[in-house]
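[1] Provided below are the primary sequence and the corresponding predicted coordinates.
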Amino acid sequence: MPPGSDIFDQDPLPLLVLNFEEQGIDETDLPLVAYGDMLFDSPQIFGNPARNLGIACSTCHNRSDVNQRLFIPGASHQPGAIDVDGAFFNPIFNDRRDDPIDIPSLRGLRFTGPYGRDGRFASLRDFSRNVIVNEFGGAEPTPLMLDALVGYMLEFDFLPNSKLNADGTLSEANPDAAHRGEAIFNRPFAGLGDRSCASCHVPDANFLDRQAHDIGSVSPAYSGARAGALDTPSLLGTAYTAPYFHDGSLSTLAAVVEWFDETKSLGLSETERTELTAYLETVGSADEPYEKFDAENTAFRLTFAELATFASTLDTLLPRRDAEHILLLTDTVAADLAADASTMSNLTARPEVYALAERLAAVGDAVRDDDWGAAEASWTAFKTEADAIEERAF
């Protein structure tokens, strides 16, 4: 890793909102989704150097959102940005263009297609394969892996925002300035081709139109180039995803308003700019944007619960004698469990977590030896020991 790199999760950690959880469904009852959750956190699906560096989908997309601190010199021009088609991750996919992009949020992914900053992929499955194989040099994923990964990501939901009604309009309780900004947002402007901001960021469609537009934010690569169209991003949750635009060139929502006002000759007064900004900040806010931790409800407790959920898919995979997908899981989860144990607050329970990681690794070792009886025994022991340690795993 180049000196000065930072691939740790951002702090505070974004809150993950999953559709099935909000409906009271336990992830352990959704083995395909749980396996996809594991893959989203697994460096094993990528090639080197990403795999050896421990980089996974979740490294850039913390808890389905963004990682504003991620920075790799030579591949990032600023924190929160990465050039995924340069020479660093997969030289054969190097497009010879220095074009790092601001990491996009994946919240509400099932509503935000087409995929990619310029909307080049109609299918989330095709987009995911491209990330694994081309951008990060991984081996061809199996159909089950793609089914699981897509199934998991389609559960990503937007952050709840009680300041918005179901149709995307502002609730009455919002400040007058935000309501005046809402009127500006819906006002047609000659500089926008007699359209409004809401023509593309449609309030009752999650502030999306699922189209690509050239708004002039991309410098032409050559004379006559028509390659500046970018996919319309949602405005939901944007209060927590600065900077803005595909290249992260604008640091605040106020700067976004100023850019449109100046480049599209909207003719806004200073007051109107402030009101439109207040509206965007309201739309982009959330009731609870970040995970909350305390002395016992620690980041490790959250991690432990997630890893145990990932492992629960062995109840499905072991009876099928699915060695390939079992080994991918055990190699991922056992290593993560051992590594994350170093962050525990409850030091007296740390040796038990290390032993638990070894127990899961033993499942993989037995599968490699084609000893399915031993694999089943180690898995049964893992479940018993995990239940016993759960309250002390913080």
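    Yes, it's here. Here the structure is a predicted model, which means the values were calculated and not measured.

[2] quick one: the strands in the stretch 201-350 of the chain?
    212-213, 230-231 (DSSP state E, counting those that start in this stretch).

[3] could you dump those strands to JSON lines with mean pLDDT, distance to Asn186 and mean neighbour count?
    Every C-beta, even on glycine, is put in place using the N, C-alpha and C of the backbone. Converted to JSON lines, those look like this (pLDDT from 0 to 100; distance: least, C-beta to C-beta, whole Å; neighbours: other C-beta atoms under 10 Å):
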{"stretch": "strand 212-213", "mean pLDDT": "96", "distance to Asn186": "18", "mean neighbour count": "16"}
{"stretch": "strand 230-231", "mean pLDDT": "96", "distance to Asn186": "22", "mean neighbour count": "20"}
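
[4] right, and those strands - which one's nearest Asp65?
    Each of these has some distance to Asp65 by C-beta to C-beta; the shortest is strand 230-231, at 17.4 Å.

[5] Remind me what the closest one packs against, helices and strands.
    strand 212-213 (3 or more C-beta pairs under 8 Å, 6 or more residues apart in numbering; DSSP states H and E).

[6] Same list (the strands of the stretch 201-350 of the chain) but as CSV, adding distance to Val283.
    Listed next are the strands of the stretch 201-350 of the chain as CSV, based on distance: least, C-beta to C-beta, whole Å:
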stretch, distance to Val283
strand 212-213, 19
strand 230-231, 18
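
[7] Identify whichever of those lies nearest to Pro14.
    strand 230-231 (21.2 Å).

[8] Direction included, what does the closest one pair against?
    strand 212-213 (antiparallel) (DSSP bridges).

[9] Contacts for the strand it pairs with next, please.
    114, 118-119, 200, 229-232 (C-beta atoms under 8 Å, 6 or more residues apart in numbering).

[10] Give the buried residues for stretch 251-270.
    By neighbour count with 16 or more other C-beta atoms under 10 Å, stretch 251-270 contains the buried residues 253-261, 264, 266, 268.

[11] Could you tell me which of those residues belong to helices?
    253-261 (DSSP state H).

[12] Helices of the stretch 51-200 of the chain, start to end?
    Along the stretch 51-200 of the chain, the segments classed as helices by DSSP state H, counting those that start in this stretch run 57-60, 124-129, 143-153, 176-185, 197-200.

[13] Any chance of the backbone angles for Val353?
    Val353 adopts backbone torsions of phi -70, psi -40, taken as degrees, to the nearest 10.

[14] what sits against the spatially closest residue to Asp231 that is not a sequence neighbour?
    Sequence neighbours aside, Gly119 is the residue nearest to Asp231 in space, at 3.8 Å (criterion: C-beta to C-beta, 6 or more residues apart in numbering). Contact analysis of Gly119 by C-beta under 8 Å, 6+ apart lists 113, 211-212, 229-231.

[15] Right, I'll leave it there.
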